[in-house]
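Trainee: Model the structure of this input:
(4 chains)
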There are 2 protein chains.
Amino acid sequence: MPALPELPEATVARLPEYLRALHAIAETGHETVSSEGLANAAGVNSAKLRKDLSHLGSYGTRGVGYDVALLIEQIESVLGLTQCRSVALVGVGNLGHALAGYDGFASRGFRIAALLDADPSRVGEEINGLVVRHVDELPRVAVEESISIGVIATPAPAAQAVADQLVAVGVTSILNFAPCVLSVPEGVDVRKVDLAIELQILSFHEHRKASLTALPGGLAATDTQEAIGT
Amino acid sequence: MPALPELPEATVARLPEYLRALHAIAETGHETVSSEGLANAAGVNSAKLRKDLSHLGSYGTRGVGYDVALLIEQIESVLGLTQCRSVALVGVGNLGHALAGYDGFASRGFRIAALLDADPSRVGEEINGLVVRHVDELPRVAVEESISIGVIATPAPAAQAVADQLVAVGVTSILNFAPCVLSVPEGVDVRKVDLAIELQILSFHEHRKASLTALPGGLAATDTQEAIGT
DNA sequence: CGCGATTTGTGCACCTCTTCACAAGCGCCT
DNA sequence: AGGCGCTTGTGAAGAGGTGCACAAATCGCG
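Mentor: All right, here's what the predicted structure looks like:
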């Protein structure tokens, strides 16, 4: 019986990365891994990693490290990945098509159980073995497939309506790719991924770096050779 | 002389969202907007918004609000969006195809200037008016199109090699969709978007909510809407 | 011209997350 | 068995971000 650990949000956001790194390490045949090794594989500080793992209990052995298989099991348990979760994807435009075919979902235990769209001309199309159904069928689909997560890949103007429909059928977790804010009732989690925003953040840093080289002691920033240690 | 503003990273990550909200407000015809109004449109707290904007100078008028057009101009300037930036997209598989066709990039001032892939069978294919070229042509393409940002949409095993190639031709900003950590020299910025990780984070919250409802006296879920960030 | 309504900009306290540094624990070797 | 080297787990300090609450500033109007 696992007591509610009250995990820090920042830790939760890193656990999937640890999980990925652990799977990679497991494939190399290692049975244990040190915090230093895992931290490198996950691209974080080793102290941070240890603190993160300590939040979900002590599953390491001092002097030895962490048991890879055991740790994978623990993290998957905490993330609720022991059961396969069914995802409904709404909006099969450009991005929706790609998401429907993205095999990274299935390999992490997520099953795209339904494709939905509001455009009648898209209904009936088959993508990756799934037939696109009309979004109005959501209530039936949600029950049939026991949907637990909704993904919105519609244009921005349609996103709020879709979110409302998802909430109405009991979905409490939404991943939103539409460039807009969704308002949802308390208790519903929304995560947003906006591809253009990522580019704009990069643009800022690019801009800043350009300003720097133009300003004082024009040092560094144009070197492309120095390598970072493993 | 424009002193380097030294913007907090969290602020930078929100500026694109403000920008999007401002464009939406501008289209409604409003010429000014209060911090409260803009904060609502962007999905943040109004105090946070004011503090963010104060970091890039005082462009508001007390008692009135912010001039929408002026603020758009300022934020775009800070983000370095006044010049159109050229993007090279490497990997035109499932996800790459979608990104190549995603119109959200062009509308925010980014131009996908080149599509590259290592698979000879994909070279020559035309997507959205662009012909896919072999990744080995990167050096020439980078110069011809003055690439400033690289996007990696390859499978994980190929990502590091592509990153090295991008860095070698002088790219200092990379957006990585491959589920792996990239090691790059200092001075190169990498942002990572992992679609499966977002789902896993949602899975955790879903799992937690399910545990809570199964337990006594349902505690009030203090849910906040999280956006992705770093 | 002054007053009140409105809204910005910011000092401050709180909180979360990060990082360091080190004691405690574990296995191995002699 | 005992010591030694390695690694975890954690207390404490520091850095950064958030939100409140309020003074300062501006506009419109009588």
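Trainee: ok, which stretches of chain A are helices?
Mentor: For chain A, the helices defined by DSSP state H occupy A:9-27, A:35-42, A:46-55, A:68-79, A:94-101, A:103-106, A:138-144, A:156-168, A:195-214.
Trainee: possible to save those helices as TSV with mean neighbour count?
Mentor: For the C-beta atoms, the positions are set from N, CA and C on the backbone; glycine is no exception. As requested, those are arranged in TSV below (neighbours: other C-beta atoms under 10 Å in any protein chain shown):
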stretch	mean neighbour count
helix A:9-27	19
helix A:35-42	20
helix A:46-55	17
helix A:68-79	18
helix A:94-101	22
helix A:103-106	16
helix A:138-144	16
helix A:156-168	18
helix A:195-214	20
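Trainee: Dump those into CSV; add mean pLDDT and distance to residue B:62 as well.
Mentor: Listed next are those as CSV, based on pLDDT from 0 to 100; distance: least, C-beta to C-beta, whole Å:
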stretch, mean pLDDT, distance to residue B:62
helix A:9-27, 98, 35
helix A:35-42, 98, 47
helix A:46-55, 98, 42
helix A:68-79, 97, 47
helix A:94-101, 93, 42
helix A:103-106, 88, 49
helix A:138-144, 97, 47
helix A:156-168, 98, 32
helix A:195-214, 92, 28
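Trainee: Adding distance to residue B:45 as columns, could you present these in a markdown table?
Mentor: Rendered in a markdown table, the data for the helices of chain A read as follows (distance: least, C-beta to C-beta, whole Å):
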| stretch | distance to residue B:45 |
| --- | --- |
| helix A:9-27 | 17 |
| helix A:35-42 | 31 |
| helix A:46-55 | 27 |
| helix A:68-79 | 29 |
| helix A:94-101 | 29 |
| helix A:103-106 | 33 |
| helix A:138-144 | 32 |
| helix A:156-168 | 21 |
| helix A:195-214 | 19 |
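Trainee: Dump these to a markdown table, plus distance to chain B.
Mentor: Written out in a markdown table, the entries for the helices of chain A read as follows (distance: least, C-beta to the nearest C-beta, whole Å):
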| stretch | distance to chain B |
| --- | --- |
| helix A:9-27 | 4 |
| helix A:35-42 | 7 |
| helix A:46-55 | 13 |
| helix A:68-79 | 5 |
| helix A:94-101 | 3 |
| helix A:103-106 | 5 |
| helix A:138-144 | 14 |
| helix A:156-168 | 9 |
| helix A:195-214 | 3 |
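Trainee: is the strand ranked longest in chain A anywhere near chain B?
Mentor: Criterion DSSP state E: the longest strand present in chain A is strand A:110-117. Yes - with C-beta under 8 Å from any C-beta of the partner chain as the measure, strand A:110-117 is seen reaching chain B through residue A:110.
Trainee: who does that strand pair up with?
Mentor: Strand A:110-117 has its sheet partners listed here by DSSP bridges as strand A:85-90 (parallel), strand A:130-134 (parallel).
Trainee: how much does the longest one deviate in direction from helix A:94-101?
Mentor: Just to be clear, that refers to strand A:85-90. Angle of strand A:85-90 versus helix A:94-101, following axes from the mean of the first three to the mean of the last three C-alpha atoms, to 10 degrees, is 160 degrees.
Trainee: rewinding a little: now do the longest strand of chain A: everything it contacts.
Mentor: For strand A:110-117, the external contacting residues (C-beta atoms under 8 Å, 6 or more residues apart in numbering or on different chains) are A:84-93, A:96, A:99-100, A:105-106, A:123, A:127-128, A:130-135, A:137-138, A:141, A:145, A:147, A:149, B:196, B:199, B:203.
Trainee: if we can go back for a sec, return the most buried member of the strands paired with strand A:110-117.
Mentor: Burial among these, expressed as mean neighbours by mean count of other C-beta atoms under 10 Å in any protein chain shown, is greatest for strand A:85-90, which shows a mean of 24.
Trainee: Hmm, residue A:142 and residue A:170 touching each other?
Mentor: Yes - the pair residue A:170 and residue A:142 passes the contact test of C-beta atoms under 8 Å, sitting 6.6 Å apart.
Trainee: residues from chain A in reach of DNA strand D?
Mentor: Proximity of chain A to DNA strand D, by C-beta under 7 Å from any atom of the strand, involves residues A:33-36, A:46-47, A:50-51, A:53-54, A:58-66.
Trainee: how about a cut-off of 6 Å?
Mentor: Within reach of DNA strand D by C-beta under 6 Å from any atom of the strand, chain A has these residues: A:34-36, A:47, A:50-51, A:53-54, A:58-60, A:62-66.
Trainee: domain assignment for chain A?
Mentor: According to the domain assignment given by automatic domain parsing, chain A is divided into the following structural domains: A:9-78, A:85-195.
Trainee: okay, those in a markdown table with distance to residue A:214 next?
Mentor: Rendered in a markdown table, the data for these read as follows (distance: least, C-beta to C-beta, whole Å):
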| stretch | distance to residue A:214 |
| --- | --- |
| domain A:9-78 | 31 |
| domain A:85-195 | 29 |
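Trainee: Among these, which comes closest to residue B:118?
Mentor: Taking C-beta to C-beta as the criterion, domain A:85-195 is the member of those that comes nearest to residue B:118, at 18.3 Å.
Trainee: Tell me the one of the residues of chain A next to DNA strand D nearest residue B:28?
Mentor: Proximity to residue B:28 was ranked across the residues of chain A next to DNA strand D by C-beta to C-beta; first place goes to residue A:51, at 46.6 Å.
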